[in-house]
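In: This is a predicted model, with the sequence first.
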Amino acid sequence: MKHRFPIRAAAFGLAVCFVTGLCACTGSRGPSDTGTVTAVEEDSFLIDVTPYEEAINTDNSGYLVLVNKEHAVSSAFAPRTLTTMDPSLTLYGKEIRMEASAALAAEALIRELWAHGWTDVFITSGYRTYEYQNTLFNKYIADERVSHPAWTAARAEEEVLTYSARPGTSEHQTGLGMDLIIADLHPALDESFASHPCYAWLVENAHRFGFILRFPKGKESVTGYSYEPWHYRFVGREAAAAIHEAGLTLEEYLAQTE
C-alpha cells in the first residue's frame, strides 16, 4: 500500500494484467523459548499442501500488481474471483474474503502455522471495498484528532497516511493482502505481533506459500508506511522466494524486473 519507486511503466502493465485477467469492476519446528528459526527444507511441510499447490505456485504476473500511494485503482475495482474464507481460519469466525488463489494459499499458511503449534493465529482482514477503506481512513483521522485536539484535519491525515491508505490505494482492495492476528495476545494490530514466536517462522517461511511481509522494518522510505509485522501480501511462490532471498520490498523487486 505504499511506494516511492520509479516503476510506473511496470506497475501499470501488471495492473492492466490483473484487471483484465484476474479482476473485474462489478524441518518442522514449533514455538521455541528464543523465537529463533533455523532453515527448513523448501518442500518440507507438516500439512499436505497438495490441494493448495496450484494456487501457491501460480506464475500469473497479475499477482504482482502494485497498488499503493502512487498507483491507485478505481472505486469500482474488485477481484473477479473473490471467495469467502473458512470461518475457522478467521478471528472470531468473521466473514473475510480474498482473491481465490490468495485465499487457498492463505489457508495453507494458517494450517501450517497451526500444525507447528501456533493455533492462536488467525486472519483478521482480507479484501476491503473502496467504500470500506474510505470509512476506515476517515475514522482514523477522527481518532487522531480526538487524541490530538490541537491537530488540524490535515495534520491528522498526515499521521494516518503513515499507517493507513487512502481509498483506492490500499492493496486490500485487490484481495491479495491479509492481516494476521494473535487472538490470545490481544485482538489488536500493532508491533507486538513481532514478539510472538510465530513471527520468526513467518519471516523465514511465508514465501513458501507465496506471501511476502509487505511492510518490513527499515523499509519505510520505500513502502511509504510504518512497519507492519502482521501484514502479508500474496505474489506467488516464485516471486515471493526471490523477494525473500534478496531482502527486497515489492517496489524494489518490480524496479529490478521492469
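Out: Cool, got the structure.
In: where along the stretch 1-150 of the chain do the strands fall?
Out: In the stretch 1-150 of the chain, the strands defined using DSSP state E, counting those that start in this stretch lie at 23-24, 78-79, 82-84, 97-99, 121-125.
In: Need the winner for burial among those strands.
Out: Sort the strands of the stretch 1-150 of the chain by mean neighbour count, taking mean count of other C-beta atoms under 10 Å, and strand 97-99 sits at the top with a mean of 24. Where you see a C-beta, it was placed from the backbone N, CA and C, and this is true even at glycine.
In: quick one: average confidence on it?
Out: In this model, strand 97-99 has a mean pLDDT of 98.
In: same thing with stretch 203-221?
Out: In the prediction, stretch 203-221 has an average pLDDT of 97.
In: Just the buried positions in it, please.
Out: Along stretch 203-221, these residues count as buried under the neighbour rule (16 or more other C-beta atoms under 10 Å): 204-216, 219.
In: Quick check: of the residues you listed, which lies closest to residue 233?
Out: Here the nearest of those to residue 233, counting by C-beta to C-beta, is residue 214; it sits at 4.1 Å.
In: which one of the buried residues of stretch 203-221 sits closest to residue 117?
Out: Distance to residue 117, by C-beta to C-beta, is smallest for residue 205 among those, at 14.1 Å.
In: okay, the buried residues of stretch 203-221 in a markdown table with distance to residue 55 and secondary structure next?
Out: Compiled in a markdown table, these are given as follows (distance: C-beta to C-beta, whole Å; DSSP: H, G, I helix; E, B strand; the rest coil):
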| residue | distance to residue 55 | secondary structure |
| --- | --- | --- |
| 204 | 21 | helix |
| 205 | 17 | helix |
| 206 | 15 | helix |
| 207 | 15 | helix |
| 208 | 13 | helix |
| 209 | 9 | helix |
| 210 | 8 | coil |
| 211 | 12 | strand |
| 212 | 16 | strand |
| 213 | 19 | strand |
| 214 | 19 | strand |
| 215 | 23 | strand |
| 216 | 24 | coil |
| 219 | 27 | coil |
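In: Considering the strands of the stretch 1-150 of the chain, which stretch scores lowest in mean pLDDT?
Out: Averaged per stretch, pLDDT over these is lowest on strand 23-24, reaching a mean of 47.
In: which residues of the stretch 151-258 of the chain score low on pLDDT?
Out: Within the stretch 151-258 of the chain, the set of residues satisfying pLDDT under 70 comprises 185-187.
In: What segments of it are helices?
Out: Secondary structure of the stretch 151-258 of the chain (DSSP state H, counting those that start in this stretch): helices located at 153-160, 197-205, 220-223, 237-246, 250-257.
In: Pretty sure residue 148 is one of the things residue 156 touches, is it not?
Out: Yes. Contact criterion C-beta atoms under 8 Å: residue 156 and residue 148 qualify, at 6.9 Å.
In: between those two, which one's more packed in?
Out: Taking residue 156 and residue 148 together and counting by other C-beta atoms under 10 Å, residue 156 has the greater number of neighbours (19 against 12).
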